[in-house]
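[1] Show me how the following folds:
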Amino acid sequence: KGGKINHLSLLRTKKLRLCVSRYNRQVIWRDLGICVKPTLRLCAEIIGLFCAHTQNDWMRIALNARHMLEDRLEGLGIVTDEVMGRMAKSHPEDQFDYYFDRKYDQRFVHSTNVTPHTKHPVTRLPILIRYWLDHPVRKDVVKQKANVFFSPDGFIPLGMGIPKVSMVHDVAYLRYPEHLQPRIRSFYKKWMPRYLAYTDHIITVSEFSKREIIAGYNIPADKISVVYNGITNAYKPVSEEQKKLTRDRYTKGRPYFVYLGAIHPRKNILTLIKAFEQFKSSHPSEHQLVLAGRASWHTEEVFKAIAVSKWKDAIHLPGYIATADATVLVASAEAMIYPSLYEGFGLPLVEAMACGVPVICSHVSSLPEVAGNAALLFEPQDVGQLTQHMKSIAEEESLRKELITLGHERSRYFSWDKAAGQVYEILSRFAKK
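    Numbering: from 1, shown residues only. The predicted structure follows:
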């Protein structure tokens, strides 16, 4: 007070609150009770600080959105849709650039702050994935001046200075390379080490997968964060009337065990078929088996086993099931059976728990971590043990009720809202401001 004021020093003191009066065009420092006449230099400094403040308060996030496919929304696509939909809607101050490789459904443009970009070619081959990322996508991401690039499938543009965050769900291609087509196996072997080395941070979906990535690629532990998947809101218990309608639709009114996922060697469907055959032979009942999912690769043995089975008429293959139908299919089942040999998370487990359906799953990879104490576990090649669990579910109503209660409690631990918040915090931490 009464002394000379250094206007610029005051402006750089961030703790002071600044406003420009519309009436007398004075700069008012409310905290000090001082009014000063603005100069051109002072006004320029004000504008500069305002621009810096607003830039630091919002992000431009570029997204590899190629797995959000309306006609085939599975694993990676579901995660992308659930996480990014919540993130875009809860952060209207940010701008999101979604990069698709083909015509997209409008429902994946989650809010008004999302700008969709379609860049060809369609990435049906590994070599086209590389080209798509390294050329049209990288060029446009740089042009848009994104602060960070997020890739839910772990594939990123190389040679791009913008920070990159990748999501790697599992490294099944390292543990079971024989379950991949040769060209895909070669792609992973050559390019995944480069992608993981070049990305700024890795998100994975279980502590199991984190250990696997560290062991497989010698990645430092602090470069990897674990963010659990969530459960789509549509997965919830349904009425007895809805269960009856669903049983009528898929199994002619009979109770059923359900498997939901791709038909693939790693999913261990043959063991499930053998166990179901033993169950039917030793336990007279109307129970059916529904194997819901698209045929992926090396499916000949599965279809042959069904064709020659004594109980083939009790095994149903509805094919790919969209989410709207999958929710009631799962919720109307006697139990979810997930016999997989290797999973990074195992989303159908927690979806079934949320629906009030007992879960039987294999005792390997991430599945015990995700299931907790809320499932019946078995060794993945032990047909007899799986058969016994199926009998227990069919015969012991008290066990079913206990598993339903435990499953409901366990399912509350997994939330897409929580996952979206954690991913956003990581993107913010690594974004280039």
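
[2] Phi, psi for residue 317 please.
    phi -120, psi 80 (degrees, to the nearest 10).

[3] just residue 64 next, same as before
    phi -80, psi 100.

[4] That one: neighbour count?
    30 (other Cβ atoms under 10 Å). From N, CA and C alone the C-beta is placed, and that goes for glycine too.

[5] Show me the helices in the stretch 151-300 of the chain, by range?
    Using DSSP state H, counting those that start in this stretch, the helices found in the stretch 151-300 of the chain span residues 172-175, 182-198, 207-217, 240-251, 269-282, 300-307.

[6] Export those as TSV, with columns for distance to residue 419, mean neighbour count and mean pLDDT.
    Formatted as TSV, the helices of the stretch 151-300 of the chain follow (distance: least, Cβ to Cβ, whole Å; neighbours: other Cβ atoms under 10 Å; pLDDT from 0 to 100):
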stretch	distance to residue 419	mean neighbour count	mean pLDDT
helix 172-175	21	17	94
helix 182-198	21	15	95
helix 207-217	14	18	98
helix 240-251	28	15	98
helix 269-282	28	20	97
helix 300-307	32	14	94
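
[7] need those in CSV with distance to residue 160, can you?
    Shown next, in CSV, are the helices of the stretch 151-300 of the chain (distance: least, Cβ to Cβ, whole Å):
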stretch, distance to residue 160
helix 172-175, 24
helix 182-198, 9
helix 207-217, 20
helix 240-251, 47
helix 269-282, 40
helix 300-307, 41
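
[8] Tell me the spatial nearest neighbour of the residue nearest the centre of the chain, not counting adjacent residues.
    By Cα atoms, centre = their mean, the chain has its centre lying nearest to residue 79, at 2.2 Å. Using Cβ to Cβ, 6 or more residues apart in numbering and skipping the chain neighbours, the partner closest in space to residue 79 is residue 152 (5.8 Å).

[9] Next one: that neighbour, what pLDDT does it get?
    What the model reports as pLDDT for residue 152 is 98.

[10] Let me know how buried residue 412 is, in neighbour terms.
    By other Cβ under 10 Å, the residues close to residue 412 number 12.

[11] same question, residue 397
    Close neighbours of residue 397, defined as other Cβ under 10 Å, add up to 9.

[12] which residues does residue 311 contact?
    Counting by Cβ atoms under 8 Å, 6 or more residues apart in numbering, residue 311 makes contact with 276-277, 280-281.

[13] Tell me how far it lies from residue 338.
    Remark: distance between residue 311 and residue 338 (Cβ to Cβ, to the nearest Å) = 20 Å.

[14] go on, residue 316?
    Per Cβ to Cβ, residue 316 is found 17 Å from residue 338.

[15] of these two, who's got more company?
    residue 338 (26 against 18).

[16] surely residue 89 meets residue 111?
    Yes - Residue 89 is in contact with residue 111 according to Cβ atoms under 8 Å; the separation is 4.9 Å.

[17] Quick one: name whatever helix or strand follows the strand or helix carrying the residue nearest to the centre of the chain.
    Assigned by DSSP states H and E, residue 79 belongs to helix 75-90. The helix or strand immediately downstream of helix 75-90 is strand 95-100, counting by DSSP H and E.

[18] between that next one and helix 75-90, how many degrees?
    160 degrees (axes from the mean of the first three to the mean of the last three Cα atoms, to 10 degrees).

[19] mean confidence score for the helix or strand just after strand 95-100?
    Using DSSP H and E, the helix or strand that follows strand 95-100 in sequence is strand 114-118. Average pLDDT, strand 114-118: 98.

[20] Counting by contacts, list what the helix or strand that strand 114-118 is followed by packs against.
    Downstream of strand 114-118, the first helix or strand assigned by DSSP H and E is helix 126-132. Packing partners of helix 126-132 (3 or more Cβ pairs under 8 Å, 6 or more residues apart in numbering; DSSP states H and E): helix 182-198.

[21] what helices or strands is the helix it packs on leaning on?
    helix 126-132, strand 164-167, helix 172-175, helix 207-217.
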